[in-house]
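Asks: Let's see this in three dimensions:
(chains A and B)
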Amino acid sequence: MEVKQSQWKAWLYLAPTIILMIVFTFYPLVNTFITAFKENYNYFSGEYSGIGLGNFEILFVRSDVNPDMNFINIYLKNTALIAVVSVPISIALALIIAVALNSIPKFQKVLQTIFFLPYVTNTIAIGMVFAVMFDDKSGLVNTLVQMFGGDPIKWLGSDLGTAPYVNSLAVLLIYIVWDALPFKILLFLSSLQGIDKQYYQAAQIDGTSKLRTFGRITVPLLSPQIVYLMITSFIGAFKEYNSVISIFDNARPYGYQQNTMATIVWYIYDSLKRVDGGVGRAAAGAVVLFVIIMIITAIQSQVSKRFVHY
Amino acid sequence: MDIRLEKLTKVFQDKGDASQQVRAVDELDITIPSGKLIGLLGPSGCGKSTTLYMIAGLLKPTSGKIFFDDEDVTELPPEKRGIGLVFQNYALYPHMTVLQNILFPLQNLKVPKQEALERAQKVADLVDIGTLLNRKPKQLSGGQQQRVAIARALVKEPRVLLLDEPLSNLDARLRLQTREEIKRIQRETGITTIFVTHDQEEAMSISDEIVVMKTGLEQQKGAPQEVYNNPVNKFVAKFLGTPPINLFFGKVENKGLYIGDEKIGDSELENQDVIVGIRPEGFEVNDEGTGEFTIDIEQVEYIGRDKSIVGRNPYSENPTFRFIIDSDIKNVEPGKQIKATIKKNKCFVFDKITESRIQ
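Replies: All right, here's what the predicted structure looks like:
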């Protein structure tokens, strides 16, 4: 009797969380999987033509937007490029900046604040600023390029013509790396300050060079944080969307590249906007994204076991 | 190699408030003879670790000089001094194996791989960890980690070996074992070794010489037994010895040394109030309980060969005091009052104000 009562109480206390999670996490999760297989699903009427792989077929084989753009050659390619390029670069940069910050006693707080600014600034707003900075006709970057005698570069594309894919991707990556730095710097900095100073004193007495100290002591001691950031950043990169929207999809005349820069999440949101069967296709995209992230995380957690030394 | 400290001083300044400063080490003049094992001894905050870190080069002295033989190393960075330092918590690199830890200093010196391996194996055998080379520090016991740290410090064949509280992280049994080990390693390598400790027993048992420090000042330096037998002041007398020395309020009157009204010895001093210190082994008690110094026995503990006795006397500085007598002596029981004779060479007289020893 007693056991039952205490169980009842336990469930009662857990109820608010459980109910919220069921409504906003578990139900949508399950529902997404189901929806992904409903062909020509109309979200408002609830009608669909049948259960099958139609949404996935559209995703992989023939795009409903543009026959040349399918999942693999646009969405997956862009997303994978973002992840593979931006994650290692941002982690390496953050590590170097954090170590540099940690070794200068003066101005540390001021510089820390400067590096931390992107974190507290609205992503969309920053993206728009980037769009203005990299504007083909009057942007800051091209003004600088011209100052040094170069020809204006087509970064984002304008009414003068479309920009090369690589240029637009470069802008996107710069933005993503810059936006990702503050959190990583902060994490590294706090971890660095947690490392026992005696390791460095011991290294100093043994005449270890700065570079060797960094490579043989600092990096291994930070390996748990590096792995953590690798995993979370990869997941984050696969969900990249804000940056694409804010740089390439804001008010004209910017953003001629929007479609070729599209990511997986971009596809999901874009599909949602389309009435006939869009929700089903969005769900299919979400399921594919889910599977990709799951596989990558599984691989990473296996690899990281070898990388984290202690 | 001799190490000579000349008026070595370290002042720590409070960052916010310039008037707040601590003289951690104050004009320290010490010569450490070559090939000896020296213990820097003192309570926490006495500046012993600061001194060690200045010798290592990790702390910059405020003033004064450090000489290795005739070479002034005061301005030399730590890596150029040729020292090996064993940290209090060992500071072994957790991600490297024992072998990698030991090899690390040699790799910095660009020692050829084969030679480095041989030297590492040799030094590992010396400290008796030759079979643990492939383990990570986490897989070792405290004592083994300690040895690895010593091996890492010794492998580059330093001119001086510095040990910062080498035994404080070990349990009591391991401590006994390790201190003998340190003594043996020092003797086998013949390397000048300085170690810091707050544990007087530790310092006395293994050091060739000890330096007793208090609030940044050197109090006394000498062979452990010599310092124990002839302390220069009350602080040194109190700091050395377990159980500690017993202190009594006494006086000198007409060439006699008194505690209360009881004359316990002679004195050449002028008439004055003094502090009398008597080592625990300085009390002689016979079976009849006769003598000149009255003790009310409170507690008797048998510790094998000896009896350790807690007694009271109205003139004791502490409420009770502890002394040791042979366990064969009879008629010593709690609640009894006995009389004891004070051994002359175990009894010291200190000035009441300056606390220096005057007899």
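
Asks: Stretch B:252-268: which residues count as buried?
Replies: B:252-253, B:257-259, B:262, B:264-265, B:267 (16 or more other Cβ atoms under 10 Å in any protein chain shown). No exception for glycine: its C-beta is placed from N, CA and C like everyone else's.

Asks: which other residues reach that stretch?
Replies: For stretch B:252-268, contacts defined as Cβ atoms under 8 Å, 6 or more residues apart in numbering or on different chains pick out B:248-251, B:269-272, B:274, B:276, B:292-294, B:313-315, B:342, B:344, B:347, B:349, B:359.

Asks: filter those to the buried ones?
Replies: B:248-251, B:269, B:274, B:276, B:293-294, B:313, B:315, B:342, B:347, B:349, B:359.

Asks: okay but residue A:244 is in contact with residue A:171, surely?
Replies: No - if you go by Cβ atoms under 8 Å, residue A:244 and residue A:171 don't touch, sitting 10.7 Å apart.

Asks: Off-centre distance for the helix or strand harbouring residue B:150?
Replies: Here residue B:150, judged by DSSP states H and E, is contained in helix B:142-154. Remark: helix B:142-154 is offset 21 Å from the chain centroid, using Cα atoms, centre = their mean, to the nearest Å.

Asks: For it, buried residues please.
Replies: B:142-154.

Asks: list the helices and strands that helix packs on?
Replies: strand B:83-86, helix B:98-108, helix B:113-126, strand B:160-164, helix B:172-189 (3 or more Cβ pairs under 8 Å, 6 or more residues apart in numbering or on different chains; DSSP states H and E).

Asks: from those, which stretch is densest packed?
Replies: When those are scored by mean count of other Cβ atoms under 10 Å in any protein chain shown, the highest mean neighbour count falls to strand B:83-86 (a mean of 26).

Asks: so can I have CSV of the helices and strands packed on helix B:142-154 showing distance to residue B:306 and mean pLDDT?
Replies: Listed next are the helices and strands packed on helix B:142-154 as CSV, based on distance: least, Cβ to Cβ, whole Å; pLDDT from 0 to 100:
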stretch, distance to residue B:306, mean pLDDT
strand B:83-86, 35, 92
helix B:98-108, 43, 94
helix B:113-126, 38, 92
strand B:160-164, 32, 93
helix B:172-189, 19, 87
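
Asks: Looking at these, which is nearest to chain A?
Replies: helix B:98-108 (3.9 Å; Cβ to the nearest Cβ).

Asks: Distance-wise, check the residue nearest the centre of chain A relative to residue A:227.
Replies: Residue closest to the average C-alpha location in chain A (Cα atoms, centre = their mean): residue A:237, at 2.5 Å. Counting by Cβ to Cβ, to the nearest Å, the gap from residue A:237 to residue A:227 is 16 Å.

Asks: cool, and residue A:82?
Replies: Taking Cβ to Cβ, one finds residue A:82 at 20 Å from residue A:227.

Asks: In contact with residue 308, which residues?
Replies: If you meant another chain, say so; for now it's chain A. Applying Cβ under 8 Å, 6+ apart, the residues near residue A:308 are A:223-224, A:227.

Asks: Sorry, I should have been clearer: chain B.
Replies: Residue B:308 touches B:243, B:280, B:300-302, B:322-324, counting by Cβ under 8 Å, 6+ apart.

Asks: who in chain A is up against chain B?
Replies: A:196, A:198-199, A:201-209, A:212, A:216-217, A:220-221, A:223, A:309-310 (Cβ under 8 Å from any Cβ of the partner chain).

Asks: any low-confidence regions in the chain?
Replies: No chain in the question, so chain A it is. A:1-5, A:62-69, A:159-160, A:249-259, A:309-310 (pLDDT under 70).

Asks: Please refer instead to chain B.
Replies: In chain B (pLDDT under 70), the answer is B:16.

Asks: Write out the residues of it neighbouring chain A.
Replies: B:56-58, B:77-80, B:83-85, B:87, B:89, B:91, B:93-96, B:104-105, B:108-109, B:136, B:138, B:152, B:156.

Asks: if we go to 6 Å?
Replies: B:58, B:78-79, B:85, B:87, B:91, B:94-95, B:105, B:108 (Cβ under 6 Å from any Cβ of the partner chain).

Asks: Just the buried ones from the residues you listed?
Replies: Using 16+ other Cβ under 10 Å, the buried ones in the residues of chain B next to chain A are B:58, B:78-79, B:85, B:87, B:91, B:95, B:105, B:108.

Asks: how about whatever residue of the stretch 1-150 of chain A ends up closest to chain B, what does it touch?
Replies: Closest approach between the stretch 1-150 of chain A and chain B, counting by Cβ to the nearest Cβ: residue A:105, at 10.6 Å. If you count contacts by Cβ atoms under 6 Å, 6 or more residues apart in numbering or on different chains, residue A:105 has none.

Asks: what's the spacing between it and residue A:99?
Replies: Counting by Cβ to Cβ - residue A:105 and residue A:99 are separated by 14 Å.

Asks: Flag every buried residue along stretch B:224-238.
Replies: For stretch B:224-238, by 16+ other Cβ under 10 Å, it's B:224, B:227-228, B:231-238.

Asks: May I have that stretch exported as PDB, CA atoms only?
Replies: Output in PDB follows, covering the C-alpha atoms of stretch B:224-238 (Å, rounded to 0.1, in the frame of the first residue of the first chain):
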ATOM      1  CA  PRO B 224      69.000  17.500  13.200                       C
ATOM      2  CA  GLN B 225      70.200  16.100  16.500                       C
ATOM      3  CA  GLU B 226      72.400  19.100  17.200                       C
ATOM      4  CA  VAL B 227      69.400  21.400  16.700                       C
ATOM      5  CA  TYR B 228      67.300  19.200  18.900                       C
ATOM      6  CA  ASN B 229      69.800  19.100  21.600                       C
ATOM      7  CA  ASN B 230      70.700  22.800  21.400                       C
ATOM      8  CA  PRO B 231      67.800  24.900  20.300                       C
ATOM      9  CA  VAL B 232      68.600  28.600  20.000                       C
ATOM     10  CA  ASN B 233      65.200  29.700  21.100                       C
ATOM     11  CA  LYS B 234      61.800  28.700  22.300                       C
ATOM     12  CA  PHE B 235      60.300  28.400  18.800                       C
ATOM     13  CA  VAL B 236      62.900  25.900  17.700                       C
ATOM     14  CA  ALA B 237      62.700  24.000  20.900                       C
ATOM     15  CA  LYS B 238      58.900  23.800  20.600                       C
END
